[in-house]
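Enquirer: pasting a predicted model and its sequence here:
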Amino acid sequence: MANLLKLPTLSGGHFRVVVETPRGSASKIAYEPKSAVFQYARPLPKGNTYPFDWGFVPSTLGEDGDPLDGMVIHQAASAPGVVIKCDLLGALRIRQKDRDGGEIRNDRYIFCPHQDDATDDPVAGDHVPDELRRQIEQFFHLSVRGTGKKIKVKGWQDAAEAVASLRKGMKAFRRRLKETG
């Protein structure tokens, strides 16, 4: 099985997102690259479920040492390992404080499936509507309860600003590949 972390970030000018946790899941599922499996990571707080598909942007690297996070806004649930070709809508800027007190930037990139793949996304136009933004922010605040992490929302980036941040993540991934061989 291919290492999904090394899948090219772009496909025909659109971003790829690898789904780890499908919409409606009450537990976080994470990709384990060494064994190439999707494994249970932890439950969400009682009564909380993922509102949309959650995963990562391949061939990127964030400050936390993991690929950049992505949420795909659409009406269907997929499954772990599904790769969705997406249009970028923007990003929720996050400062995350870990259990050990370390603080990092850990943005959440927001996508919708590219029209060739799906046409049922609830996002009108090329941005995330204000009410949906508030709901997404609330989900992320609730999702870290009990993990020892604390997050602070620092605002939203539009698609153009988010592309620049994703490109930095792509460069960081290429640098790490060169360093590790």
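Expert: Great, that's in hand.
Enquirer: buried ones in stretch 156-175?
Expert: 156-157, 159, 162-163, 165-166, 169-170, 172-173 (16 or more other C-beta atoms under 10 Å). Backbone N, C-alpha and C define where each C-beta goes, glycine included.
Enquirer: so which two of the residues you listed are the farthest from each other?
Expert: Trp156 and Phe173 (23.9 Å; C-beta to C-beta).
Enquirer: ok, the closest residue to Gln96 other than its chain neighbours to Leu44 distance?
Expert: Among residues not flanking Gln96 along the chain, Asn106 sits closest, at 4.2 Å (C-beta to C-beta, 6 or more residues apart in numbering). Separation of Asn106 from Leu44 (C-beta to C-beta, to the nearest Å) stands at 17 Å.
Enquirer: find the centremost residue of this structure, please.
Expert: Gly70 (1.8 Å; C-alpha atoms, centre = their mean).
Enquirer: where along this protein do the strands fall?
Expert: With DSSP state E as the criterion, the chain has strands at 10-11, 14-21, 27-32, 37-43, 53-57, 68-72, 83-97, 103-105, 108-113, 150-158.
Enquirer: dump these to a markdown table, plus mean pLDDT and distance to Gln135.
Expert: Below are those laid out as a markdown table (pLDDT from 0 to 100; distance: least, C-beta to C-beta, whole Å):
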| stretch | mean pLDDT | distance to Gln135 |
| --- | --- | --- |
| strand 10-11 | 95 | 28 |
| strand 14-21 | 98 | 17 |
| strand 27-32 | 96 | 18 |
| strand 37-43 | 96 | 21 |
| strand 53-57 | 98 | 14 |
| strand 68-72 | 98 | 11 |
| strand 83-97 | 96 | 11 |
| strand 103-105 | 95 | 22 |
| strand 108-113 | 96 | 12 |
| strand 150-158 | 95 | 13 |
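Enquirer: now render these as JSON lines, adding distance to Thr180.
Expert: What follows is these, written out as JSON lines (distance: least, C-beta to C-beta, whole Å):
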{"stretch": "strand 10-11", "distance to Thr180": "22"}
{"stretch": "strand 14-21", "distance to Thr180": "20"}
{"stretch": "strand 27-32", "distance to Thr180": "18"}
{"stretch": "strand 37-43", "distance to Thr180": "22"}
{"stretch": "strand 53-57", "distance to Thr180": "18"}
{"stretch": "strand 68-72", "distance to Thr180": "18"}
{"stretch": "strand 83-97", "distance to Thr180": "24"}
{"stretch": "strand 103-105", "distance to Thr180": "20"}
{"stretch": "strand 108-113", "distance to Thr180": "24"}
{"stretch": "strand 150-158", "distance to Thr180": "29"}
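Enquirer: compare those and give me the one nearest Asp130.
Expert: Closest among the strands of the chain, using C-beta to C-beta: strand 150-158, at 9.6 Å.
Enquirer: outside of that closest one, which residues touch it?
Expert: If you take C-beta atoms under 8 Å, 6 or more residues apart in numbering as the criterion, strand 150-158 is touched by 90-97, 106-107, 127-128, 133, 137, 140-141, 144, 165.
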